[in-house]
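In: with the sequence up front, the predicted model follows.
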Amino acid sequence: MKTFKIIDAWISILLISTFSLLSLIKLDATFLIGYCIVGTWQVISLCIHSVQGWFRFNPDRHAYKCMVAILLVIGLIGLVWPALLMIEMFLLLFISPMLAVYYSWICYNETYVKMQRPLAVLK
């Protein structure tokens, strides 16, 4: 678990920073490509964490899962009501990067703060 958590945290941070920098340099569709790659990686990570039951009682992770579930439900309702789907897609353009950074912070916090030994926290 700890190895996966370290790899997960650093891959998220690396993907976000790399695609942010490339998007600013290239000023083309790199943002959308990075948007999809980072989102896919974090959804896979969220599913792995949920299936394995790691940090089940972390309030930050629970809040993130609730936000993703709400966005998914709104998206499914949007399939019936296309105007709602268009509004959600527009909002997701701005909300998703913040959610990606929040999820990376959750993973980093779980890896480097919550998994430390009790004596390491006293330093």
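Out: Received it, and whenever you're ready, just let me know what you need.
In: show me what the longest helix along the chain is packed up against.
Out: Ranked by residue count and defined by DSSP state H, the top helix of the chain is helix 82-109. Helices and strands touching helix 82-109, by 3 or more CB pairs under 8 Å, 6 or more residues apart in numbering; DSSP states H and E, are helix 2-26, helix 30-52, helix 59-80. (Glycine included, C-beta is placed from N, CA and C.)
In: so the longest one versus helix 82-109, what angle?
Out: Pointing back at helix 2-26 there. Interaxial angle of helix 2-26 relative to helix 82-109 (axes from the mean of the first three to the mean of the last three CA atoms, to 10 degrees): 120 degrees.
In: for the longest helix of the chain, list every residue counted as buried.
Out: Across helix 82-109, burial judged by 16 or more other CB atoms under 10 Å covers L85, E88, L92, P97, L99, A100, Y103, S104, I106, C107, Y108, N109.
In: so for that helix, mean pLDDT?
Out: In this model, helix 82-109 has a mean pLDDT of 91.
In: that one versus helix 30-52: what angle between them?
Out: Calculated by the same axes, to 10 degrees, helix 82-109 forms an angle of 70 degrees with helix 30-52.
In: no further queries at this time; thank you.
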